[in-house]
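I'd like to go over a predicted model; first the sequence, then the structure.
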Amino acid sequence: MVSRRALLAFPLLGFLPPPARAADAATVSLGGILVPASRARLLANVRLGGEMVTVLAFAADLPEGERDLFVVAVPGRVAALDLLTWHGADGTRLHTRVSAVSDGVRLRLQRIASAPRGRGYRREEWIDYLAWQNTAPMLDAPVRPVLAGTWQAAQAAQRIATLALLAGASLTGNLNTVSPALLAACPPPKLPV
């Protein structure tokens, strides 16, 4: 049974403000770089080209699915921005494992992607590389030419465009934050069935 006090308080509930939510544009500083706060985390600290580099990940969800991006950061600048994970509403998936190569100048991006195809799934696995540059954004550094028409080729084109955007931002000196323009440069992965 509901008490009289609860019944009298009920109309007042409509005047209460909605519960506080974290702002979508909220950022957090990790490794000297401002990144979106949602699911922000440190993935690794690695030495590249004699410099200590921080690899950070964060959420950058889209209406089409859940997406996590990663940045390679040194204090004061973003050296690379790329896709870490994708879980599309259409059933597409892409996962990346980031690790340092023993040569001390490259990062290995091991990728696994899948997409529904008929009654089954199409699956593709590949490895991409990013090469360190001391004062500029990292370079896309494939060990062999990428095959046209593959998911790897689609991701390579996107990565090259993002690195070019980072190179332009380095000219203006605005590389200590992951801006909305950088987030927009990483659309959902193209995984054609």
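Thanks, I have it.

use CA for all of it now, contacts and neighbours both
Fine.

In this protein, what residue spans correspond to helices?
Taking DSSP state H as the criterion, the chain contains helices spanning 4-9, 151-172, 180-184.

Outside of the longest one itself, list whatever touches it.
Helix 151-172 is contacted from outside by 78-82, 124, 126, 136-140, 146-147, 175, 182, 185-186, 189-192, using C-alpha atoms under 8 Å, 6 or more residues apart in numbering.

List the contacts of the residue nearest the centre of the chain.
Centrality entry for the chain: nearest residue to the mean C-alpha point is Leu69, 0.6 Å, by C-alpha atoms, centre = their mean. Residues counted as contacts of Leu69 (C-alpha under 8 Å, 6+ apart) are 57-60, 81-85.

Let me have these in TSV, extended by pLDDT and neighbour count.
Formatted as TSV, the contacts of Leu69 follow (pLDDT from 0 to 100; neighbours: other C-alpha atoms under 10 Å):
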residue	pLDDT	neighbour count
Ala57	95	26
Phe58	95	21
Ala59	95	19
Ala60	93	24
Leu81	92	25
Asp82	93	23
Leu83	93	24
Leu84	96	21
Thr85	96	22
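
So which of the residues you listed belong to strands?
57-59, 81-85 (DSSP state E).
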